[in-house]
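Peer 1: sequence and predicted model, in that order:
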Amino acid sequence: MKKRIFAALLVLLLLLCACGAEEPWQAAYRRTGQALAAQEDYGVGSIGGEWAVIGLSRSGLLKQETAQAYLQTVEDYVRSIGTARLDHAKSTENSRIILGVTAAGGDVTDIGGVNLLEGLTDMAFVSYQGLNGPIWALIALDCGGYEIPDAQPGEEQTTREALIRLLLRERKADGGWCFSGDASDADMTAMALTALAPYRERGEVAEAIEGALQCLSEMQLENGCFASWGSENSESCAQVIVALTALGIDPQKDARFLKNGRSVLDALCDFVLDDGFYHSAELVEVNGMATEQAYYALTAYARFQDGKSRLFDMTELTAA
């Protein structure tokens, strides 16, 4: 009788230990989040700026004082420029900062007296730098459900419909999108899918998404990884994870994205170090951009697992 009780207790203990064990992505998510949250001086920029603020905010680790310090830095930056367009050629500057300000709980329509949305009103300007502009403009406008201000006289009014039509029109023959050339690449395809995710119920968008997912599946390498410019890297994996979760697809379970039993999430964790991620095998040291993008991708997956809104849907922060 005692042996049976002991055996039963042992089985229960093993089950409890198994339930409490972290998966590799969870351990990476926890450690990277702790490292990023320990920093308090985030500012404007694609490294050490908005992407980290977004990841921390969406994971619940953005401290109020860090958010306020970031918003003050953004206000100072916007004041120093003095116009709604934060760059003479790249509309993604406005889009990225709109995302960061929204994540930090700021008012994008009044940053130092400037409405950041006004920098995205002209389709010609938004499209000037290629697909990056329209993709991130759509993501930024949708992140808070923002209304698009009227364009200035002589400008081509930006609308969500125009942005969607442009993306659908720019699909390549293989089903995806690319920065240049005719062959789709993983990063642009994933980012376009992220932008189109809120519109996936529309017939033509749904059709484009299915074709792009097939294209993305065919790009995935046999180890579950994705590559760009001929190099396997963590950022490409991160963008795919964000896109799949935005579309309600579990990258660890969908057969299209499992290669030899490995998922893109497994592949992303191949790039993890103690307190961050590295870009590629050519340089194995913590990289700021790789770390911040990997973290917000893991945040996207954690939110997906918990049944929460997609990474860039921050309308709950702007509803009030």
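Peer 2: In hand now; what should we look at? Numbering: from 1, shown residues only.
Peer 1: quick one, what contacts the residue most central in space within the chain?
Peer 2: In the chain, the C-alpha nearest the mean C-alpha coordinate belongs to Val242, at 5.1 Å (C-alpha atoms, centre = their mean). Neighbour list for Val242: 190, 194, 296-297, 300, 311-312 [criterion: C-beta atoms under 8 Å, 6 or more residues apart in numbering]. Backbone N, C-alpha and C define where each C-beta goes, glycine included.
Peer 1: and the helix or strand Val78 falls within, what's its mean pLDDT?
Peer 2: Val78 is located in helix 64-81, with elements delineated by DSSP states H and E. Helix 64-81 shows a mean pLDDT of 97.
Peer 1: how many neighbouring residues does Asp150 have?
Peer 2: Neighbour count of Asp150, defined by other C-beta atoms under 10 Å: 11.
Peer 1: kindly provide the distance from it to Phe257.
Peer 2: Asp150 is 42 Å from Phe257, where distance means C-beta to C-beta, to the nearest Å.
Peer 1: mind putting the contacts of Val242 into a markdown table with pLDDT and neighbour count?
Peer 2: Below are the contacts of Val242 laid out as a markdown table (pLDDT from 0 to 100; neighbours: other C-beta atoms under 10 Å):
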| residue | pLDDT | neighbour count |
| --- | --- | --- |
| Ala190 | 98 | 28 |
| Thr194 | 98 | 25 |
| Tyr296 | 98 | 27 |
| Ala297 | 98 | 31 |
| Ala300 | 98 | 26 |
| Leu311 | 98 | 28 |
| Phe312 | 98 | 25 |
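Peer 1: show me the residues you listed that map onto helices.
Peer 2: Counting by DSSP state H, the contacts of Val242 place 190, 194, 296-297, 300 in helices.
Peer 1: hmm, which two among these are most spread apart?
Peer 2: The largest separation in these, counting by C-beta to C-beta, is between Ala190 and Tyr296 at 12.9 Å.
Peer 1: and for Gly113, the neighbour number?
Peer 2: Counted with other C-beta under 10 Å, the neighbours of Gly113 add up to 9.
Peer 1: Ala281: what's it in contact with?
Peer 2: Contacts here follow C-beta under 8 Å, 6+ apart; on that basis Ala281 touches 231-232.
Peer 1: quick check: which ranges of this protein have low pLDDT?
Peer 2: 1-20, 320 (pLDDT under 70).
Peer 1: contact partners of stretch 218-227?
Peer 2: With contact meaning C-beta under 8 Å, 6+ apart, stretch 218-227 is reached by 176, 184-186, 189, 232-233, 236-237, 240, 257-260, 262-267, 270.
Peer 1: repeat that for 10 Å
Peer 2: Outside stretch 218-227, the residues that touch it by C-beta atoms under 10 Å, 6 or more residues apart in numbering are 174-176, 183-187, 189-190, 216, 228, 232-241, 251, 256-271, 280.
Peer 1: just how off-centre is that stretch within its chain?
Peer 2: Mean-position distance between stretch 218-227 and its chain equals 19 Å (C-alpha atoms, centre = their mean, to the nearest Å).
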